[in-house]
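Colleague: Sequence and predicted structure are below.
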Amino acid sequence: MDRGTKAAVLVTGGAGFIGAHTAKALHDRGYLPVVYDNLSSGFRDAVRWGPFVHGDIRDERALGDALAEHGIKAVIHFAGLIEVGRSVAKPDLFWEHNVAGTVSLLGAMRDRGVGRLVFSSSAAVYGQGGRGPLETIPEDAPKAPASPYGDTKLACEWMIQAQCRAYGLTGVALRYFNAAGADPSDQIGEAHEPETHLIPLAIAAALGDGKPLTVFGDDFDTPDGTCLRDYIHVSDLAAAHVAALEADLPAGAFEAVNVGTGQGASVFEVVKAVGQAVGHAVPHSIGARRAGDPASLVANPSRARELLGWSATRSSLDQIVADALRWERTPRYGAGVRGERKMQASVD
Ligand code: UDP
């Protein structure tokens, strides 16, 4: 898409963490983000930069109506289920929401002639890999998802690619590594229920709002024995979506692109960074490994640079933690998600 056309862009799942940040980035760039979300895990208060349509991703008719009513030129598709553990217990739910939901969306886009899609994929498509602890992952690395969640993301990529070939859709799948942090304005931030991610849990533990942190294993084949992850600031991630929307790609093209920094941080390094930001150590203990956790997931981000002209600018661990901490101390939406403190703060 051309830059700054003020075009309307449908953001499915735009009331969620990454979706809301992307809606803001679209707005800042001159687009009109139209959020389509069923609020099953997102927050109405996170929709601040354009119209809101309450709808389910499996409802093809409602999607078609939204595309027509708002004159949508492109779609960024986040809506779906994300908890890896839950996907193991309830895989049918994930295939229904993530895969059948994407079938509905693709059908509505085809029928309405919407020709551009940016899809929320995941490093989960790579699974355990067979990599050494210090190897980064390029896009053509073997795909071996370790969970039904990862399976559904890979299945969606295949389906989108086929639809690009068949109907001239232009598609970009962004394979996220570990999204974290919050927008510097503190209007939006992370609020999952239940929260399972390391950085918000470590902050909650440090602030006394949550349980002490359990470090899931310290006997991995990594320099300090804890898992390495590639933490990417959510504002950088949002910028990658705008870059993918504007990438100069022909009709029918499909591209899958890693969104990460290329730098791994261990769980202990994160715990230390949170402790430094808060001013005291994070209460924690060492527990068993969590099922399905690979020792290392670190992106090779060079394709994003070449194809999208994008690279991370706000993703130092200290910056991510500082922004996440400010958000956790800000009583906004998500009250109650992380316990009494936030609930109380928003009532005061
Ligand atoms: N982790 C941990 N304790 C927790 C939550 C996460 O030690 O309470 C570890 C987890 O094993 C992984 C890293 O932190 O190595 C990042 O996990 P997260 O759930 O944030 O993201 P994932 O990599 O699973 O997408």
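Modeller: Nice, thanks for sending it over. Residues are numbered from 1 along each chain as shown.

Colleague: mind listing what L198 touches?
Modeller: 178, 213, 229, 267, 270 (C-beta atoms under 8 Å, 6 or more residues apart in numbering). C-betas here are computed from N, CA, C, even on glycine.

Colleague: Tell me which entries of the residues you listed lie within helices.
Modeller: 267, 270 (DSSP state H).

Colleague: Kindly reformat the contacts of L198 as TSV and extend each row with neighbour count, pLDDT and distance to G168.
Modeller: Shown next, in TSV, are the contacts of L198 (neighbours: other C-beta atoms under 10 Å; pLDDT from 0 to 100; distance: C-beta to C-beta, whole Å):
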residue	neighbour count	pLDDT	distance to G168
N178	22	97	34
L213	22	97	49
R229	24	95	37
V267	25	98	45
V270	25	98	43
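
Colleague: what's the farthest-apart pair in the contacts of L198?
Modeller: Maximum pairwise distance in the contacts of L198, criterion C-beta to C-beta, is 15.8 Å, between N178 and L213.

Colleague: L207 touches W327, doesn't it?
Modeller: No - judged on C-beta atoms under 8 Å, L207 makes no contact with W327 at a distance of 11.8 Å.

Colleague: So between the two, which is more surrounded?
Modeller: Per other C-beta atoms under 10 Å, whichever of L207 and W327 has more neighbours is W327, with 23 against 18.

Colleague: How about the residues of the stretch 151-300 of the chain by the ligand?
Modeller: 178, 196-198, 201, 213-216, 227, 229, 267, 290, 293 (C-beta under 6 Å from any ligand atom).

Colleague: now the strands for the stretch 201-348 of the chain?
Modeller: 213-216, 228-229, 231-233, 254-259, 265-266, 284-287, 296-297 (DSSP state E, counting those that start in this stretch).

Colleague: Quick check: which of those strands is buried the most?
Modeller: strand 231-233 (a mean of 26; mean count of other C-beta atoms under 10 Å).

Colleague: any idea which element the spatially closest residue to G55 that is not a sequence neighbour lies in?
Modeller: Taking C-beta to C-beta, 6 or more residues apart in numbering, and ignoring the residues beside it in sequence, G55 has A62 as its nearest neighbour in space, at 4.2 Å. Using DSSP states H and E, A62 maps to helix 60-69.

Colleague: tell me what that helix is packed against?
Modeller: Helices and strands touching helix 60-69, by 3 or more C-beta pairs under 8 Å, 6 or more residues apart in numbering; DSSP states H and E, are strand 32-37, helix 101-112.

Colleague: Relative to V75, which of the ones you listed is closest?
Modeller: helix 101-112 (6.2 Å).

Colleague: Give me the buried positions along that closest one.
Modeller: Going by neighbour count (16 or more other C-beta atoms under 10 Å), the buried part of helix 101-112 is 101-102, 104-106, 108-110, 112.

Colleague: Please produce a markdown table containing those residues, extended by distance to A251 and pLDDT.
Modeller: Converted to a markdown table, those look like this (distance: C-beta to C-beta, whole Å; pLDDT from 0 to 100):
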| residue | distance to A251 | pLDDT |
| --- | --- | --- |
| G101 | 24 | 98 |
| T102 | 20 | 98 |
| S104 | 22 | 98 |
| L105 | 18 | 98 |
| L106 | 15 | 98 |
| A108 | 18 | 98 |
| M109 | 13 | 98 |
| R110 | 13 | 98 |
| R112 | 16 | 98 |
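
Colleague: Go through these and name the one nearest A23.
Modeller: Of those, the one sitting nearest to A23 (C-beta to C-beta) turns out to be L105, at 17.0 Å.

Colleague: So what's the gap between stretch 283-291 and the chain middle?
Modeller: 24 Å (C-alpha atoms, centre = their mean, to the nearest Å).

Colleague: One more: stretch 237-250?
Modeller: Using C-alpha atoms, centre = their mean, the offset of stretch 237-250 from its chain centre is 15 Å.

Colleague: next one: stretch 211-218
Modeller: Per C-alpha atoms, centre = their mean, the centroid offset for stretch 211-218 relative to its chain is 23 Å.

Colleague: thinking again about what came up before, closest one to the ligand among the helices and strands packed on helix 60-69?
Modeller: For the helices and strands packed on helix 60-69, the distance to the ligand is smallest for helix 101-112, at 20.5 Å, taking C-beta to the nearest ligand atom.

Colleague: Run through the protein and note the low-pLDDT ranges.
Modeller: For the chain, the stretches with pLDDT under 70 are 1-5, 129-130, 331, 334-348.

Colleague: hey, where'd the helices end up in it?
Modeller: Under DSSP H, the chain gives helices at 17-28, 60-69, 84-89, 91-94, 101-112, 148-167, 198-207, 234-246, 267-278, 302-303, 317-328, 340-347.

Colleague: what's the angle between the longest one and strand 254-259?
Modeller: Same thing as helix 148-167. Put simply, helix 148-167 runs at 140 degrees to strand 254-259, going by axes from the mean of the first three to the mean of the last three C-alpha atoms, to 10 degrees.
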